[in-house]
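Engineer: below are the sequence and a predicted model; questions follow.
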Amino acid sequence: MPQNIGFQLSRVPRLWRAVLDRRLAPLGLTQTRWITLYHLWRLGDGQPQCDLARAIGVEAPSLVRTLDQLSEQGLIERRGCDQDRRTKRIFLTDEATPLLQQIDAVVSQARAEMLAGLDAEDVAHLASLLSRIEENGLAIQAREAQE
């Protein structure tokens, strides 16, 4: 087994984000903002703020500033939850749609370039392997949290 696989697993996401950051910079988006918008778009409108934070991989309080900025830009709005007044649900505005289409085009192009040389079967196998690694990591975290 290659000894440097852990380094590769940490380096690839950094490369992925660096490519996207460079390409999305002309749209005036920071990494935090485009990742938040893109996740919300993919997850669907009305996500509770805490679920959106979990999907992105950040703590809910650290997402607040980004959501404030996106709200000031007119790209999202927060609405109260009927079932729980403490919960805020996040919705994309109509103004976000053209921007998200641009983001999606950039992401799709970068994905095609980053996965160049891999066929559909390779990509499906890679996704399966990464899912297994992620599941193993989550199991380790859960086990260690109980200790």
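Structural biologist: Nice, I can see it. Numbering: from 1, shown residues only.

Engineer: which residue ranges of this structure form helices?
Structural biologist: Assigned by DSSP state H, the chain shows helices spanning 5-24, 31-43, 49-56, 60-72, 96-114, 120-146.

Engineer: can I get those helices in CSV with distance to Ile90?
Structural biologist: Every C-beta, even on glycine, is put in place using the N, C-alpha and C of the backbone. Below are those laid out as CSV (distance: least, Cβ to Cβ, whole Å):
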stretch, distance to Ile90
helix 5-24, 20
helix 31-43, 6
helix 49-56, 6
helix 60-72, 7
helix 96-114, 11
helix 120-146, 24
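
Engineer: nearest to Gln83, of these?
Structural biologist: Set against Gln83 and scored by Cβ to Cβ, the helices of the chain come closest in helix 49-56, at 13.6 Å.

Engineer: so that closest one versus helix 60-72, what angle?
Structural biologist: 100 degrees (axes from the mean of the first three to the mean of the last three Cα atoms, to 10 degrees).

Engineer: how far away from the center of its chain is helix 49-56?
Structural biologist: Relative to the chain's own centre, helix 49-56 is displaced by 9 Å; criterion: Cα atoms, centre = their mean, to the nearest Å.
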